[in-house]
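Undergrad: Provided below are the primary sequence and the corresponding predicted coordinates.
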Amino acid sequence: MDTADIEAKVIQFIATKVENLDVSTINRSSKFDELGLDSMDTIQLLFDAEDSFGINFDSEEAKNFTTVGDIIAYIEKHQSPESHRGPSDSGMASDQEGT
């Protein structure tokens, strides 16, 4: 997938997850809070994106995401050469270290 494909798919994905949000109002610089997402909504969005895009977000990096572009850039950087994967555990939960 190239950058334009990833961007279009992420924006469409977010539009389907957020109630009353028109896809035409979402762009790479859209901030999650401006889209009506609080921190818990954003975490759920990232969990859902892991399943949809076949990636695992590193929890340390993901906690700093504030915009749609952050998700797009992460997917671009970490996308697998394969376009699909089997079910697996979520990376966000497994990346946490016990103290």
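TA: Received the coordinates, thanks.

Undergrad: Break down the chain into its helices, ranges please.
TA: Using DSSP state H, the helices of the chain run over 3-17, 39-53, 59-62, 68-78, 91-94.

Undergrad: Same list (those helices) but as JSON lines, adding distance to F32.
TA: No exception for glycine: its C-beta is placed from N, CA and C like everyone else's. Shown next, in JSON lines, are those (distance: least, CB to CB, whole Å):
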{"stretch": "helix 3-17", "distance to F32": "9"}
{"stretch": "helix 39-53", "distance to F32": "5"}
{"stretch": "helix 59-62", "distance to F32": "12"}
{"stretch": "helix 68-78", "distance to F32": "8"}
{"stretch": "helix 91-94", "distance to F32": "16"}
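
Undergrad: what's the most buried one of these?
TA: Most buried of these, by mean neighbour count (mean count of other CB atoms under 10 Å): helix 68-78, with a mean of 18.

Undergrad: report the angle between the axes of that helix and helix 3-17?
TA: Interaxial angle, helix 68-78 versus helix 3-17 (axes from the mean of the first three to the mean of the last three CA atoms, to 10 degrees): 130 degrees.
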